[in-house]
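>>> I need the structure of the sequence given here:
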Amino acid sequence: MHLLFLLLGLLCSVLQAQEVSVTNKVTGIIGEEVILPCTFTNTDPYMRMTEIMWMHGSITLAVYSPVLGIHLRDPLRFQLVEPSQSSATLKISPVTYTDEGEYVCEVTTFPGGPVKATTTMVVKVLQAQEVSVTNKVTGIIGEEVTLPCTFTNMDPSLRVTQIMWMHGSITLAVYSPVLGIYLSDAMRFQLVEPSQSGATLKISPVTYTDEGEYVCEVITFPGGTFKGTTTMMVIAIPQNSAEANSSVVAGDQEQAVARCKSANGRPPSRITWHLSIPGNVSNSMINNSNGTYTVVSQYLITPTWLADGMTITCIINDEFTNDSIPLNLSVQLWMDLHSPPPFG
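Numbers count the residues shown, from 1 in each chain. Okay, the predicted model is just below:
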């Protein structure tokens, strides 16, 4: 039994004495170069590395032996970078889509046997030309908004001949390195520092008609056209208010005891009420000429003297905040001829 524990301890120390280290995941770009590191850690002075082998699936790509030298399946694409007793980094160039998958770096030792580690490679395509825009922007009515557009060009033989911003079928702004700048409305549209690498569109002041999709189109020679699309949402910050009706008289007829108003907002606000006394709600909405909305809500109850002094809360939800406005109800037992008209 003592001998068994001794052998198990020796085996564990041997297993811990050797380790193969690789990068778990790497990304290869089609047409470019990728490096797959593999290092071998050996703390056992009696253990010798006899071979390091790289495999992709069942295919042997590269082998290094301190005695026999290097074998490469395809020397035009695969290389071992400075192989030694402690490492054999695999270099693949150029990367193709068939290179995707798992790679095993296997180190064979004497007398320990093989030790392995696995790297997974993902292969991607790098666009040599790309138009970058902000997918979604928000414009506030009456204020300024910018729509960035940058053009990444990895091909030195490619030249930008024109950059154009369009809103639907309408051309808003055009930049040409040769002919200069065109603006459909120079009072509202500007191109910020246009160049071969981009042209940011500035709109000021924003109106509700500016809502929708914008296309930044980059025309190149001889590469053709590249596009990016930005969607703009136009909003307006509402002015919220609420007031209690100071002319409510107790009786058996339903009356409006409070009013809540959210004016000149976009999109229209949503108004709800919180009160322990059940009642009815009357809502109305006005479409303003500038694309904003005014929402008015009234809370109606059949008032009794028990409602006098109670708190009612108007809750306004819009794109910016949840606005809660508490009000104190006023219910008179009889008509006061000197009371102000309802709602001021």
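
>>> for the rest of this, base every contact and every neighbour count on C-alpha atoms.
Will do.

>>> I figured residue 150 hits residue 132, correct?
Yes - Residue 150 is within contact range of residue 132, at 5.2 Å (criterion: CA atoms under 8 Å).

>>> any idea how far residue 135 is from residue 184?
23 Å (CA to CA, to the nearest Å).

>>> okay, now the domains of this structure?
According to automatic domain parsing, the chain is divided into the following domains: 22-124, 129-235, 239-332.

>>> ends of the longest one, what's the gap?
Its start and end residues considered, domain 129-235 measures 34 Å (CA to CA).

>>> from now on call the first residue 145
Yes, from this point I'll number from 145; that puts the last item at domain 273-379.

>>> what pLDDT, on average, does that domain get?
For domain 273-379, mean pLDDT rounds to 94.

>>> just the first one next, same as before
Predicted confidence along domain 166-268 averages 92 (mean pLDDT).

>>> ditto for the shortest one
The predicted model gives domain 383-476 an average pLDDT of 92.

>>> right, and residue 234 touches residue 181 too?
Yes - using CA under 8 Å, residue 234 is in contact with residue 181, at 6.3 Å.

>>> counting neighbours, go ahead and name the busier of these two.
Neighbour tally, residue 234 and residue 181, criterion other CA atoms under 10 Å: the higher count belongs to residue 234, 23 against 19.

>>> how about the contacts made by that one?
With contacts defined as CA atoms under 8 Å, 6 or more residues apart in numbering, residue 234 is in contact with 179, 180, 181, 182, 198, 206, 222, 223, 224, 225.

>>> gap between it and residue 259?
17 Å.

>>> how many neighbours does the residue nearest to residue 476 when sequence neighbours are not counted have?
Leaving aside its chain neighbours, residue 476 sits nearest to residue 393 (4.6 Å; criterion: CA to CA, 6 or more residues apart in numbering). Residues near residue 393, counting by other CA under 10 Å, number 21.

>>> next: residue 285.
23.

>>> repeat for residue 360
For residue 360, using other CA under 10 Å, the count is 29.

>>> bridged to it, which residues?
For residue 360, the beta-bridge partners under DSSP bridges are residue 309, residue 372.

>>> which element is the nearest residue to residue 311 once chain neighbours are set aside on?
Distances taken as CA to CA, 6+ apart put residue 358 closest to residue 311, at 4.7 Å, once the chain neighbours are dropped. Under the criterion of DSSP states H and E, residue 358 resides in strand 356-365.

>>> please export the C-alpha coordinates of that strand as CSV.
Listed next in CSV are the C-alpha coordinates belonging to strand 356-365 (Å, rounded to 0.1, in the frame of the first residue of the first chain):
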residue,chain,number,x,y,z
GLY,A,356,-36.6,59.4,-40.2
GLU,A,357,-33.7,57.7,-42.0
TYR,A,358,-30.5,59.4,-43.2
VAL,A,359,-28.0,57.8,-45.6
CYS,A,360,-24.4,58.7,-45.8
GLU,A,361,-23.2,57.6,-49.2
VAL,A,362,-19.5,57.6,-50.0
ILE,A,363,-18.6,57.3,-53.7
THR,A,364,-15.1,56.1,-54.6
PHE,A,365,-13.0,55.5,-57.7
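
>>> buried residues in that strand?
Neighbour counts over strand 356-365 (16 or more other CA atoms under 10 Å) mark 358, 359, 360, 361, 362, 363, 364 as buried.

>>> also stretch 460-467?
460, 461, 462.

>>> okay, it in PDB with CA atoms only?
C-alpha atoms of stretch 460-467 as PDB (Å, rounded to 0.1, in the frame of the first residue of the first chain):
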ATOM      1  CA  ILE A 460     -47.000  62.400 -16.300                       C
ATOM      2  CA  ASN A 461     -44.900  59.900 -18.200                       C
ATOM      3  CA  ASP A 462     -42.800  61.100 -21.200                       C
ATOM      4  CA  GLU A 463     -39.500  60.300 -22.900                       C
ATOM      5  CA  PHE A 464     -37.600  62.100 -20.200                       C
ATOM      6  CA  THR A 465     -39.100  61.700 -16.800                       C
ATOM      7  CA  ASN A 466     -42.000  60.400 -14.700                       C
ATOM      8  CA  ASP A 467     -43.400  63.600 -13.200                       C
END
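
>>> measure the residue nearest the centre of the chain to residue 338 for me?
Taking CA atoms, centre = their mean, the centroid of the chain lies closest to residue 279, which sits 8.5 Å from it. Note on residue 279: its distance to residue 338, by CA to CA, is 20 Å.

>>> same deal with residue 264?
Residue 264 is 42 Å from residue 338, by CA to CA.

>>> who touches residue 340 in this structure?
Taking CA under 8 Å, 6+ apart, we find residue 340 in contact with 295, 303, 304, 321.

>>> drop anything exposed from those.
Buried among those by 16+ other CA under 10 Å: 295, 303, 304.

>>> burial check on residue 430, number of neighbours?
Residue 430 - counted by other CA under 10 Å - has 13 other residues nearby.

>>> from what I can see it touches residue 441, true?
No - using CA under 8 Å as the test, residue 430 is too far from residue 441 to be in contact (11.8 Å).

>>> phi, psi for the residue lying closest to residue 208 once chain neighbours are set aside please.
Ranked by CA to CA, 6+ apart and with sequence neighbours excluded, the top spatial neighbour of residue 208 is residue 214, at 4.6 Å. Main-chain torsions, residue 214, degrees, to the nearest 10: phi -120, psi 140.
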